[in-house]
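Engineer: Sequence first, predicted model second:
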Protein chains: 2
Amino acid sequence: MATDEKVAIAEDSKLGGARSAGLVETQTWAFDDPPLALECGRSLSPVTQAYEIYGELSPNRDNAILIFHALSGDAHVAGYHTPEDPKPGWWDVMVGPGKPFDTEKYVVVCANIIGGCKGSTGPSSVNPRTGKPYGPSFPMVTLGDMVQAQKRLIDHLGIKRLLAVSGGSMGGMMALDWAVRYPDSVASVLAIATSARLNAQGIAFDEVGRQAIMADPGWCGGDYYGRSVPQSGLAIARMVGHITYLSEEQMKAKFGRRLQDRESFGYDFETEFQIESYLRYQGNSFVRRFDANSYLYITKAIDYFDLANGHHSLVEALERVQAEFLVVSFSSDWLYPTGESKEIVRALQANGIPTTFLEVPNAYGHDAFLLPNEQLAESVSGFLANVQQRVRQHAERRGI
Amino acid sequence: MATDEKVAIAEDSKLGGARSAGLVETQTWAFDDPPLALECGRSLSPVTQAYEIYGELSPNRDNAILIFHALSGDAHVAGYHTPEDPKPGWWDVMVGPGKPFDTEKYVVVCANIIGGCKGSTGPSSVNPRTGKPYGPSFPMVTLGDMVQAQKRLIDHLGIKRLLAVSGGSMGGMMALDWAVRYPDSVASVLAIATSARLNAQGIAFDEVGRQAIMADPGWCGGDYYGRSVPQSGLAIARMVGHITYLSEEQMKAKFGRRLQDRESFGYDFETEFQIESYLRYQGNSFVRRFDANSYLYITKAIDYFDLANGHHSLVEALERVQAEFLVVSFSSDWLYPTGESKEIVRALQANGIPTTFLEVPNAYGHDAFLLPNEQLAESVSGFLANVQQRVRQHAERRGI
């Protein structure tokens, strides 16, 4: 991993003097043979994946952790791309030297999902058969397809068995999927603020976002590249999303009914309340960094996800799992509520799978998993240290 | 009130042999002098209000109840307009002979709010000064303005003091407003599934709906009458609304992750899940019966509402209130959660105002107040009977 002295070393006393992962470059790797066989029945090739690596692989390759990002995330999980970057990667509070995903102990890999728009093959990528962006001809991809693609990357990197797979929200779903799909290839799973399946309310919110995008004349049936941008549709979808990422309690504390830059009501349809201003800002800034078709494809992938798909039950789906689990929920998360984490825990326990469960008492809603949190940090760092110890003891006993 | 033998008499054993309010006609009444002085500083004139009346006014005019409708409601609270009507009015389970709002004991009045699109003056009404629909030139109206307009109607009907004002959701806010605005003109308030102010999350959802409407090219800045309809925008707004009206629990029970008319995933952007189909249906059918500008104006009115506006606190706002209160919340209502009803109750109790509070344990979310519910029915009917008894005893003591 590239490092640079020019990057200010971020000291966070709560995290015990943790430092920044420093400068990092996004890399890409592509494969075309065999093509990726998708759950929808179609196949995808070539497949490019953008990824970042932090830390050093140990000589016996037993310290690798794969982190899956959430809906709007990317491969840039920590550190900086340039010394001038105003903001670090999306999980910088958790990934870096001395941090819970300690890049002095572990090598952390994070790849952009296929279907996305941050360097991996997605609807905005050029289809080599036509020379034009895929647009709506891009095949529907599932979280399982994204996981399959990342398995090829991990194989390519020469890692046979991951110390851990981890992720929050959609990323947690992918971590669960990996453990079921590749039971021999992972020692532990950290499933954070997630669920074994999206509930009806989650599907409903996703559908509202998709309808807003597809109703935008700028969407042009998905063939908008180089012509237009379904700006307002994507902004509205993001606004809906943001409401579900925050708790009502947190919204009340952060915005309440306070007015934005005015003393009294304007009695017009302009921004009046701070919460309106916040949402419009979130919507508009998202449009500048995200592709609307990717939003459609990824939300569909989340909607489709059910760990029990193809099984009679969640308990049965987890039968072949060999990893141990850390499941973390946040008390005020109403998009992936604690009850759904408990469902996972019950199904794991029914299979006798070693499972640690933590509900973090917290007012920040679903977004809590992205924020600095001592309980989350401590449990992740303790869990990983224990897993690594067991993995190494086990290897020693087997004389490896 | 018109009645007709052709209307089947609805027998509901749970409601003790209650019958339908029968055939009813919507009436209108208009005033122009003095014009209605609005909170925004502008004035409105002429003002037409559509209303319906059920039951007979008692000789001493002490049995009148004014019911306020919610966001998408209208004056047609119960009974049928024609014998062929497939559906009765929106609160037919609560209003009629032998029902909680017993039209054999009370005379029930319900008027469409100004700003609406169901017969009262609103943005789709013709502005007599221009001969064209108001559109975006319609003045911003608040819930207080709507209440003021209905006070004129009640005066016109010769009712000096209402036995009760009542409503659910937005209608409950208006009932609270009436009690503060006209303390001498009402003996009791039934505030159901409501709040003294909309919280930040509620404003956020309203804002998403408004953005969806205003982003629709069919909206044309609000001047769309006779030209276009912001169909998809209004449908999206309604979809968002519907999610907030149902509980997650109820959505899971009613739809879960079940597919609509298919056995397996289609891997396309068509309707796949039942919840998607339900929301699209709700969105599309709403477009046929509601005006998009009215949706904008009414949601703004709800957002502006804060019973404590112009006071130092909610307790102070309620100081002059003379009515007694029944406050009802539903346990699974997350749009107007029980905690907000309790805030009203605490502020009432701080003023020594007689208050009955009931939280109905119920899985149906915010919409529960519109559904048949024995606990709601019993408490409303008992509360009203007691209020009427006290009002009459009081009148006798005063020798009226």
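Structural biologist: Looks like it came in fine. Keep in mind that this is a model prediction, so the values were computed, not measured.
Engineer: make it CA atoms for all contacts and neighbour counts henceforth
Structural biologist: Fine.
Engineer: I figured A:Y225 hits A:V126, correct?
Structural biologist: No: taking contacts as Cα atoms under 8 Å, A:Y225 lies outside contact range of A:V126: 10.4 Å.
Engineer: contacts for the helix ranked longest in chain A?
Structural biologist: Longest helix in chain A by number of residues, with DSSP state H as the criterion: helix A:374-397. With contact meaning Cα atoms under 8 Å, 6 or more residues apart in numbering or on different chains, helix A:374-397 is reached by A:14-15, A:63, A:94, A:99-102, A:163-164, A:187-188, A:190, A:326, A:328, A:360, A:369.
Engineer: on that earlier part again, common neighbours of A:Y225 and A:V126, please.
Structural biologist: A:P133.
Engineer: ok, back up a step: just the buried members of the contacts of helix A:374-397?
Structural biologist: A:15, A:63, A:94, A:99-102, A:163-164, A:187-188, A:190, A:326, A:328, A:360, A:369 (16 or more other Cα atoms under 10 Å in any protein chain shown).
Engineer: quick one: which of these sit in strands?
Structural biologist: Judged by DSSP state E, strands contain the following of the buried ones among the contacts of helix A:374-397: A:101-102, A:164, A:188, A:190, A:326, A:328, A:360.
Engineer: Redo those as TSV? Include pLDDT and distance to A:G310.
Structural biologist: Putting these into TSV (pLDDT from 0 to 100; distance: Cα to Cα, whole Å) gives the following:
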residue	pLDDT	distance to A:G310
A:F101	98	33
A:D102	98	36
A:A164	98	25
A:S188	98	23
A:L190	98	23
A:L326	98	24
A:V328	98	26
A:V360	98	32
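Engineer: Dump these to TSV, plus distance to B:E207.
Structural biologist: Shown next, in TSV, are these (distance: Cα to Cα, whole Å):
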residue	distance to B:E207
A:F101	39
A:D102	42
A:A164	41
A:S188	43
A:L190	36
A:L326	38
A:V328	32
A:V360	31
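Engineer: how about the nearest residue to the residue of the stretch 251-400 of chain A found nearest chain B, chain neighbours excluded?
Structural biologist: Of all residues in the stretch 251-400 of chain A, A:G256 sits closest to chain B, at 5.2 Å by Cα to the nearest Cα. Leaving aside its sequence neighbours, A:G256 sits nearest to B:A200 (Cα to Cα, 6 or more residues apart in numbering or on different chains; 5.2 Å).
Engineer: Surely that neighbour and A:K252 touch.
Structural biologist: Yes: using Cα under 8 Å, B:A200 is in contact with A:K252, at 5.7 Å.
Engineer: Show me which of those two is the more surrounded one.
Structural biologist: B:A200 (26 against 15; other Cα atoms under 10 Å in any protein chain shown).
Engineer: before we move on, the earlier item: if you count surrounding residues, which of A:Y225 and A:V126 has more?
Structural biologist: Taking A:Y225 and A:V126 together and counting by other Cα under 10 Å, A:Y225 has the greater number of neighbours (18 against 15).
Engineer: For that one, which three-state class applies?
Structural biologist: Under DSSP: H, G, I helix; E, B strand; the rest coil, the three-state class of A:Y225 is coil.
Engineer: now it: how far from A:G135?
Structural biologist: As judged by Cα to Cα, to the nearest Å, A:Y225 and A:G135 stand 8 Å apart.
Engineer: shared neighbours, these two?
Structural biologist: With Cα under 8 Å, 6+ apart as the test, A:Y225 and A:G135 both reach A:S124.
Engineer: Quick check: residues of chain A near chain B?
Structural biologist: Applying Cα under 8 Å from any Cα of the partner chain, one finds that chain A approaches chain B through A:40, A:140, A:199-201, A:203-205, A:207-208, A:211-212, A:215-216, A:232-233, A:236, A:239-240, A:243, A:248, A:251-252, A:255-257, A:265-269, A:275-276, A:279, A:300, A:304.
Engineer: Going through those, which ones are buried?
Structural biologist: A:140, A:199-201, A:203-205, A:207-208, A:211-212, A:215-216, A:232-233, A:236, A:239-240, A:243, A:248, A:251, A:255-257, A:267, A:275-276, A:279, A:300, A:304.
Engineer: Just the ones of the residues you listed in helices?
Structural biologist: A:200-201, A:203-205, A:207-208, A:211-212, A:215, A:232-233, A:236, A:239-240, A:243, A:248, A:251, A:275-276, A:279, A:300, A:304.
Engineer: Show the pLDDT at A:K14.
Structural biologist: Looking at A:K14, its pLDDT reads 37.
Engineer: Tell me the secondary structure at A:Y295.
Structural biologist: helix.
Engineer: any low-confidence regions in the stretch 251-400 of chain A?
Structural biologist: A:400 (pLDDT under 70).
Engineer: Tell me how far A:V189 lies from A:D74.
Structural biologist: 20 Å.
Engineer: Which of these two has more residues huddled nearby?
Structural biologist: Between A:V189 and A:D74, counted using other Cα under 10 Å, the more crowded position is A:V189 (29 against 23).
Engineer: mind listing what that one touches?
Structural biologist: A:V189 neighbours (Cα under 8 Å, 6+ apart): A:164-166, A:175-176, A:179, A:323-326.
Engineer: try A:P361
Structural biologist: Counting by Cα under 8 Å, 6+ apart, A:P361 has contacts A:330-332.
Engineer: What about the residues you listed, which are in strands?
Structural biologist: A:F330.
Engineer: Any chance of the contacts of A:P361 in CSV with neighbour count and distance to B:G365 as columns?
Structural biologist: Formatted as CSV, the contacts of A:P361 follow (neighbours: other Cα atoms under 10 Å in any protein chain shown; distance: Cα to Cα, whole Å):
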residue, neighbour count, distance to B:G365
A:F330, 26, 23
A:S331, 22, 20
A:S332, 25, 18
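Engineer: I'd like the contacts of A:P361 as a markdown table, with distance to A:I159 appended.
Structural biologist: Converted to a markdown table, the contacts of A:P361 look like this (distance: Cα to Cα, whole Å):
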| residue | distance to A:I159 |
| --- | --- |
| A:F330 | 32 |
| A:S331 | 36 |
| A:S332 | 37 |
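Engineer: Please identify the helix or strand for the spatially closest residue to A:V93 that is not a sequence neighbour.
Structural biologist: Excluding its sequence neighbours, the residue lying closest to A:V93 (Cα to Cα, 6+ apart) is A:P372, at 5.8 Å. Element membership for A:P372, per DSSP states H and E: none, as it lies in no helix or strand.
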